[in-house]
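Q: Model the following, please.
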Amino acid sequence: MVNKEKRFETIYTQGASWSIVVDVETGVNYLVHDTGITPLLNNEGNVVITDDNKDMLK
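A: Next up is the predicted model:
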């Protein structure tokens, strides 16, 4: 059975080539550019993880 829910949700875009997406299963945020994708890191170098009840970009 195929899950019809979207795995990734775009939460921010800037211009035509930058966006931040969240994996809705894990909460991990990714920075996406035309040339690739990488986990989004906070100022301490840790992966940004979104909780359902918290602001997405603290």
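
Q: Looking at Asn3 now. What's its pLDDT?
A: Looking at Asn3, its pLDDT is 65.

Q: any idea how far Thr13 lies from Val21?
A: 10 Å (CB to CB, to the nearest Å). (Each C-beta comes from the backbone N, C-alpha and C, glycine too.)

Q: can I assume Thr26 is in contact with Ile49?
A: Yes. Using CB atoms under 8 Å, Thr26 makes contact with Ile49 at a distance of 7.5 Å.

Q: out of these two, which sits in the more crowded spot?
A: Using other CB atoms under 10 Å as the criterion, Thr26 and Ile49 rank with Ile49 on top: 15 against 11.

Q: just for the chain, where's the confidence low?
A: Residues of the chain that meet the criterion pLDDT under 70 lie in 1-3, 52-58.

Q: hmm, try it at 50
A: Within the chain, the ranges that satisfy pLDDT under 50 run 53-58.

Q: follow-up on the earlier one: of Thr13 and Val21, who's got more company?
A: Val21 (20 against 12).

Q: which residues touch that one?
A: Counting by CB atoms under 8 Å, 6 or more residues apart in numbering, Val21 makes contact with 8-11, 29-30, 32.

Q: Just the closest of those to Thr38, please.
A: When these are ranked by distance to Thr38 (CB to CB), Tyr30 comes first, at 6.7 Å.

Q: helix or strand for that closest one, which one?
A: For Tyr30, the host element (DSSP states H and E) is strand 29-33.

Q: Would you mark the buried spots in the helix or strand just after that strand?
A: Where DSSP H and E defines the elements, the next helix or strand beyond strand 29-33 is strand 36-39. For strand 36-39, the neighbour count (16 or more other CB atoms under 10 Å) marks no residue as buried.
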